[in-house]
Structure formats: structure tokens, C-alpha cells
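In: My questions are about this predicted structure, shown below with the sequence.
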Amino acid sequence: MSDFAQTVKQQVDIVKVIEGYIRLRKAGAANYTGLCPFHKEKSPSFSVHAVRQFYHCFGCGVSGDVFSFVGKIENVTFPEAVRIVAQKSGIPLPKREFSSPEQAAEARQRIKLLELHEAAAGWFEEQLHGPEGAMAREYLAGRGLDARGVREFRIGYAPDSFKALRDRLSGMADEAMLRASGLFSAKEQGDGTPGPIYDRFRKRIMFPIRNESGRVIAFTARTLETGDKAGAKYINSPETPLYTKGQVLFNLDKAKAAIRQAEFALLVEGQMDCISVFLRGIQNVIATSGTAFTEQQVAILKRHTSNVVVNFDPDAAGANAAEKSIALLTEEGFNLKLVTLDGGLDPDRYIRERGVEAYMNAIRGARRQADYLIERARQMFPGASAEQKVKAMNYLLPHIRRMPEKLARDQFAADAAQKLGIDSTVLREELRQAALKRRDRVEVRPTALTEVERVLLRALAITDPEFEESRRAAAEAISRQHPWFEGLTSFPALQALASRGAMDPMDAVKDETQRALLAEALLGETDPPSAETVLGSIVSLQQRQMEGQVRLLRVQIAEAEHRGDFGELALLTRRKLELDRALRSLSVA
Ligand SMILES: [Zn+2]
């Protein structure tokens, strides 16, 4: 964390900042509770710790500090969250410093390119409403876009000219900057150098592509030309310092609030689909812009939701794109459902022809990905021959293996066997195996902590020098006597805390699940545990483990007796006596 972030964190009160977003109620000496803004709930399970300055939700398990809260709720990156918190609290921002002149030049260039795109977008909008835009207006009206929609998405028109935009923008930036904007083209000359620039987009309808903050960073352009001269139906801006293909989710800036509210994102293929669905009131819609999902897009989306309903075009390209997206989204642990619209319609046409209600119903009726994939396997490999069944299964196996949850894999495998009519034991076994193993280990969900863990976590999180003895007792026990603690759910957190030094406890535990366990232990705490309590808990932990071993030995002794294996019996009995003695001495201490 930067010095500035550290300063901000020390000066703000997390309770005040969070109260700016949700209602909090005092619920204890240092606790506040309220309804969690990150999952739907009717009774509050969201808590804020005023002394330790962190939040935790017992419902969905999120927890963190003030920056993590603002980052999550505003969907911004860490530096952005620091800036927002500082501004809210009236802490002056440091002057932006760049580590190198190159960085400074880059930042200046980005600002200039944003200005150029803003100017171009405004100018395209003007052209749409001017005399040259008549044909474009007619086309848009034909696609069911009214004036409000055109304004909302800042749709414009690039007239049929090689220099109109260039003339318009040339006063704003030098030629090198204009070239870098991607708004212009240039032919290579005989000597290999680029020739003079001219307008890239001509006689096209212009759809601005916005970044997450709503700034125009590129365009998609649809031709109005027909016949040989038409060229590609759609062209996009080339990659520029502002715009990298596959790193932008179309419409995310407008959709993100609705995505959070609906708790899922509706993913469509085309920008027109997206605009059309959005304007009819379904606002949690985003588009990939006609390609399969990329890893960067998945990462961006993950910050907003982990539930996705995919509604790609019903054609083969759409089905392929859907499949690639499914693979990627499943790997990342998204919950997926898929919509196939009847009549072979794309979302735009469906919603215009059948209405919003019908489309909403189609979304509600979205199929689980397993059902969708099994259906697709049956379509691709129809027939009941063994060969077709094997092919269908080979198609499904990787999809099954990719699912993070064992339960879901089992269900998927069972459904596949049933619906594909697989009765061969060999094939069934293969399905079972696919369900059994996944490459990654399955994540441990936060569970209730045992009392011992609660005491240890609290002791290790002590920052008050008055209770240093408790902290040291816990830290020493954990660093010295690993095996006793290794079976505990919170062992990674205990380990991280035992060696945290002067670091803030919440910062020391990096793993999110583990941090949630720590938060759970710290919420509702009264006074830190005394050194006596800490040592007492360690003893009782040790006791429980020994008692477990004694129970096991009892069973083994009974078995040895039954077998008449007296050598083994003597060995086991001696071990049990030793354990009994150790246990007695523990309870005396
Ligand atoms: Zn929650």
C-alpha cells in the first residue's frame, strides 16, 4: 500500500464511509450492522468493525478494509478507490507524479486522444441530424431506434467524405496525434512511409464504444453503402493507446448498476442486440461485440457478478462463440445459463417482434449450461449408434471436468448418461471419473470456527501492547507446534498472523476465504483473550486431538485382540497408556 493510501486509511472512519452507501445500526461496543449491498438479503448479516476498521458479511463472506468496500461497490480499481475515499473525506490528493518522462507523455497522449474521440462523437451526432444523415436516420428508424435511443447511445453518422472529420479535428492536435487516434487511415507510399491521412469512416453509421467510465474510446461503424463499393458491413477502430480489442465489454458503463441489482449479467453478441434490449428496459445487458469472450473480459465481468445468462445468435457462429464463452466462464467459476430464442431470432429482432414480456420469459426460462450442452451434443451427434454416443460423450467430458463444484459435475455426468441413453458400464465409468476429478482443488467455504480457533485468531490479531503476552503465547505455540494446528480450517490464517510482525492483521491474511474467517472471529469480540485463556485453549485443542487418538487406539486394540495378534496388542496398549498419562498431566496443568 502506498504511503498516501496508508495516510488516508488512518484518517478516515470506515463506518462513516460505508454509511454513505447503506444504513448501519449500532449493534455492540464496536460493531455496526446493516443489509449487505453485495447480496440480496432481508435481515442484516453485514457488519462493520469500528475499532479494527473492516467490514464482513456473514451471508456472502465478503470482507475487507475501506478501500476494498469502495472498490467493490463502485466497481473501481484500488488506486481509484483510494482517490474516492480521500475525496469523500476531504483529504487533498497528492499531485500526480510520473516516474518517467515517457509515462508523463503517455498520460498526456491518452488525455488528448480522449478529447479527440469526444469531439468526433459529437461531430458524428451532428452529422446524423444534418441533411446528409437522412439515409442513416431512415435506417435507424427501420431498426426500431427512436430519437431517445439514438441520443442515449450517441449514435452518429460519418458522411461520405475523405476529409470532413480531418478538417474538423486538425485544429485540435498535431498530425502524429491524429494518426495515433485510429480515426484516420493513410496509404503507404512508394518509399514505405505513410502517406497523408484521410477519414477512416465514410458513409457509415457510428456507434461509440465507451470504457467503464463512459468515455468514448473507439467506434464501430456500419456501412450504408450497398453493392461492390460497400466493403465490410461493420468495421471497428483499430487498436490504439485507448482501445484494445477484447478488453472492453460493450455497454458495461451503463449496465453495471443494473447488473449488481439483478445479480446477473445478460450477455449478447452484437452491439445492436445490446442497445435494443437495453432501451426496452432490460438494463443489465452487455455485449462481447461479435466474438467469443476473452480472458480479460471475463476478469472484468467477474468484478461485477458471477452469474451470467448467455443469449448468443442461434447460427453456427453464435453457437461456437457461445461454447467458447461457456468454457471460459465455467473455468472461472461463473454460474451460467443459456437462452435459445425460438424462431431462430437474434435478441434484437425477438424483442421487437415479440415484445419485452416474451423476451423476459425467455430469459427466465434459460437452461442450465449442462442441459444446453447435452442438447447440443445430441444435435451434433444424433442417432443411437455406439459410435455417436462416444462422440457425444467426448464432446461433453471436457465441459464436465471444467466445472468447479463436485456436486454439479456429478449431476452433469448423471444427466448426460441418462439423456444420451448411455448404458455401457465402461462409458458410465468414464463419466464418473470425469466428475470425480477437476484440475484445481475445490475451494474451502468459510465454515463456523471452533472456539479454540476463535481465541487464537483474536489473540494473534492483538495490536494493543497491554495484551502482548497473549499474542506472543499464541504466536509461539503456532510457530513451534504446527501438527496440532494443521487440521484447523483457519490454519493458513493462523500461520500468516503468527508471523505478521507489525503488519495490520487484516492485511496480513491474503487469502480471501481465510480473511473472512478472521473477520468472523474478530466481530463481536469483547476484550482480547488473556494469556491464560490462550494457553487453556491450546491445551484443550491438544486434549481433543489426543482423545481422538485414544479412540482410534481402542478400536485397533479390539481388532488386535480379535485377531489374536498379541505382539501388536502389547504395542498398542503401551501407546494408549502413554497417551492416557499425557492426557492426565494436561488436565492437571
Ligand atoms: Zn453479503
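Out: Yes, it's here. Fair warning: this is a prediction, and the values are worked out from it, not measured in the lab.
In: drop to CA atoms for contacts and neighbour counts, all remaining ones
Out: OK.
In: Just the pLDDT for L345.
Out: What the model reports for L345 is a pLDDT of 89.
In: That one - how many residues pack around it?
Out: Neighbours of L345 under the rule other C-alpha atoms under 10 Å: 16.
In: That one and the ion: what is the separation?
Out: Noted for L345: a distance of 38 Å to the ion, by C-alpha to the ion, to the nearest Å.
In: Also R200?
Out: 48 Å.
In: which residues does that residue contact?
Out: Going by C-alpha atoms under 8 Å, 6 or more residues apart in numbering, R200 touches F162, G182, L183, F184, S185.
In: Excluding residues flanking it in the chain, which one is nearest it?
Out: Counting by C-alpha to C-alpha, 6 or more residues apart in numbering, F184 is the residue found nearest to R200 once chain neighbours are left out, at 4.5 Å.
In: Starting from A176, give me the distance back to that neighbour.
Out: 11 Å (C-alpha to C-alpha, to the nearest Å).
In: ok, the residue nearest to R200 touching E175?
Out: No: using C-alpha atoms under 8 Å, F184 is not in contact with E175, being 10.3 Å away.
In: Pick out the residue in the chain sitting closest to the ion.
Out: Nearest residue of the chain to the ion: C60, at 4.0 Å (C-alpha to the ion).
In: Can you tell me the SS state at that residue?
Out: coil (DSSP: H, G, I helix; E, B strand; the rest coil).
In: Let's test this: what are the backbone torsions at it?
Out: Note on C60: its backbone torsions stand at phi -110, psi 0 [degrees, to the nearest 10].
In: cool, and I235?
Out: I235 adopts backbone torsions of phi -130, psi 150, taken as degrees, to the nearest 10.
In: Enumerate every residue touching the nearest residue to it once chain neighbours are set aside.
Out: Spatial nearest neighbour of I235, chain neighbours left out: A221 (5.3 Å); criterion: C-alpha to C-alpha, 6+ apart. Shown in contact with A221 (C-alpha under 8 Å, 6+ apart): F201, R204, I205, M206, F207, Y234, I235, N236.
In: Which parts of the stretch 51-200 of the chain are strands?
Out: Under the criterion DSSP state E, counting those that start in this stretch, strands of the stretch 51-200 of the chain are mapped to 54-57, 63-64, 156-158, 184-188, 194-199.
In: Share the number of residues neighbouring the residue of the chain closest to the ion, please.
Out: Count around C60 with other C-alpha under 10 Å applied: 16.
In: what about the nearest residue to it once chain neighbours are set aside, which SS state?
Out: Nearest non-adjacent residue to C60, counting by C-alpha to C-alpha, 6+ apart: H39, 6.6 Å away. Using three-state DSSP, the three-state assignment for H39 comes out as coil.
In: Would you confirm that H39 contacts F58?
Out: No: under the criterion of C-alpha under 8 Å, H39 makes no contact with F58, lying 10.8 Å away.
In: got the residues of the stretch 1-150 of the chain near the ion?
Out: C36, F38, H39, C57, G59, C60 (C-alpha under 5 Å from the ion).
In: ugh, wrong one, I meant the chain
Out: C36, F38, H39, C57, G59, C60.
In: what's the closest non-adjacent residue to S213?
Out: Nearest one to S213, counting by C-alpha to C-alpha, 6+ apart, is D253 at 5.9 Å.
In: Tally up the residues packed near that neighbour, please.
Out: 15.
In: Could you do R83 as well?
Out: R83 has 19 nearby residues by other C-alpha under 10 Å.
In: repeat for H482
Out: Should you count by other C-alpha under 10 Å, H482 turns out to have 12 residues around it.
In: For A477, give me its contacts.
Out: I538.
In: ok, G149 - contacts?
Out: Contacts of G149 by C-alpha under 8 Å, 6+ apart are I275, L279.
In: picking up where we left off before, between the residues of the chain next to the ion, which has the most around it?
Out: C57 (24 neighbours).
In: Chain neighbours aside, what residue packs nearest to that one?
Out: F46 is the one closest to C57 (C-alpha to C-alpha, 6+ apart), at 4.2 Å.
In: Could I get the phi/psi values of the one you found?
Out: According to degrees, to the nearest 10, F46 has phi -100, psi 130.
In: ok, it touching F38?
Out: No: the pair F46 / F38 is not scored as a contact, 9.3 Å apart, by C-alpha under 8 Å.
In: Name the spans of the stretch 151-300 of the chain whose pLDDT lies under the cut-off.
Out: By pLDDT under 70, the weakly predicted segments of the stretch 151-300 of the chain are 290-292.
In: can you pull out the helices in it?
Out: 164-169, 175-180, 252-262, 271-279, 295-302 (DSSP state H, counting those that start in this stretch).
In: Show me what the fourth one is packed against.
Out: Okay, so that is helix 271-279. Packing contacts for helix 271-279, counted by 3 or more C-alpha pairs under 8 Å, 6 or more residues apart in numbering; DSSP states H and E, involve strand 285-287, helix 347-354.
In: let's go with 10 Å and repeat that
Out: helix 147-152, strand 204-210, strand 265-268, strand 285-287, helix 347-354 (3 or more C-alpha pairs under 10 Å, 6 or more residues apart in numbering; DSSP states H and E).
In: Tell me which residues are up against the third one.
Out: With C-alpha atoms under 10 Å, 6 or more residues apart in numbering as the contact definition, strand 265-268 has outside contacts at 249-250, 252, 255-256, 258-259, 273-274, 277, 282-290, 293, 301, 304-313, 318, 322, 337-339, 346-348, 363.
In: quick one: low-confidence ranges for this protein?
Out: Ranges of the chain meeting pLDDT under 70: 1, 95-100, 290-292, 316-318, 423-427, 434, 437-448, 524-526, 587-589.
In: Tell me which residue is most central in the chain.
Out: Nearest residue to the geometric centre of the chain (C-alpha atoms, centre = their mean): K302, 1.6 Å.
In: Can you tell me how far that residue is from M380?
Out: For K302, the distance to M380 equals 31 Å [C-alpha to C-alpha].
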